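# structure of the sequence below:
(one chain, ligands or ions: 2)
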Amino acid sequence: MLGAQAQERAQAGAQQILPLHSDEDVVRLRKQVRDSMVAMGFGLIEQTKIITAASELARNTLRYGGGGEARIARVSDGARQGLELRFVDAGPGIDDIPLALTDGYTSGGGLGLGLGGAKRLADAFHIDTAPGAGTTVTIAKWKLF
Ligand SMILES: Nc1ncnc2c1ncn2[C@@H]1O[C@H](COP(=O)(O)OP(=O)(O)OP(=O)(O)O)[C@@H](O)[C@H]1O
Ligand SMILES: [Mg+2]
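Ligands and ions are numbered 1, 2, ... in the order given. Sure, this is the predicted structure:
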């Protein structure tokens, strides 16, 4: 599955990598996600959903992952085009993914709505993590024609 995704990325063009180490980086990411979505022809509602999801995931990268990076890529499955966003950190990882996804669960005094909210706002959602091995959260939004 990851191999196929890498292949799709190669076909659709290079990915952009943005550092995530400060609040300013989150602001820059939001602008870049918006620009990418506008360029692909996504509407305002879709832009708002994915910018919101990206903000939540970027804040998790900062807060729990100790910082990292966001990777933005146009992807295609042959029939559809989409935008894929990947949030990568080398932090402590998540040892119980279902718990982390539970609305209201937080280990850091938040609302515990970020991960579940991002999952609901995106068309695709995947967490790749292991204790001590960092976390990568991937979301995608497909363009409907
Ligand atoms: N990148 C990450 N690395 C390690 N743990 C994470 C990461 N992202 C999320 N988590 C864990 O998952 C929990 C739930 O995340 P979620 O974003 O849903 O809530 P929150 O960040 O605690 O609060 P909110 O986002 O609503 O302010 C976090 O409290 C944290 O324990
Ligand atoms: Mg959060």
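# write out the residues of this protein neighbouring ligand 2.
Contacts of the chain with ligand 2, taken as CB under 5 Å from the ion, map to 60, 114. The way it works is simple: take the backbone N, C-alpha and C, and place the C-beta from them, glycine included.
# just give me the neighbour total for the residue of the chain found nearest ligand 2.
Ligand 2 sits closest to Gly114 of the chain, with a gap of 2.7 Å, by CB to the ion. Counted with other CB atoms under 10 Å, residues neighbouring Gly114 total 24.
# so where does the residue nearest to it when sequence neighbours are not counted fall, helix or strand?
Spatially, and ignoring its direct neighbours in sequence, Gly114 is nearest to Glu56 (3.7 Å; CB to CB, 6 or more residues apart in numbering). Using DSSP states H and E, Glu56 maps to helix 44-63.
# elements contacting that helix?
In terms of contacts (3 or more CB pairs under 8 Å, 6 or more residues apart in numbering; DSSP states H and E), helix 44-63 is packed against strand 16-20, helix 23-40, strand 68-76, strand 81-89, helix 114-121, strand 135-142.
# how far does the shortest one sit from the chain's center?
I take that to be strand 16-20. 11 Å (CA atoms, centre = their mean, to the nearest Å).
# list of residues touching that strand?
For strand 16-20, the surrounding residues in contact (CB atoms under 8 Å, 6 or more residues apart in numbering) are 25-26, 28-29, 32, 36, 58, 61-62, 67-73, 87, 89.
# change it to 6 Å
Around strand 16-20, the neighbours that count as contacts under CB atoms under 6 Å, 6 or more residues apart in numbering are 25, 29, 58, 61-62, 67-72.
# how about the residues of this structure near ligand 1?
Listed as neighbours of ligand 1 in the chain under the rule CB under 6 Å from any ligand atom: 56, 60-61, 64-65, 89, 91-92, 94, 100, 105-108, 110-116, 135.
# follow-up on the earlier one: tell me the confidence at the residue of the chain closest to ligand 2?
We have a pLDDT of 98 for Gly114.
# let me see the contact set for the residue nearest to Gly114.
By CB under 6 Å, 6+ apart, the neighbours of Glu56 are 114, 117-118.
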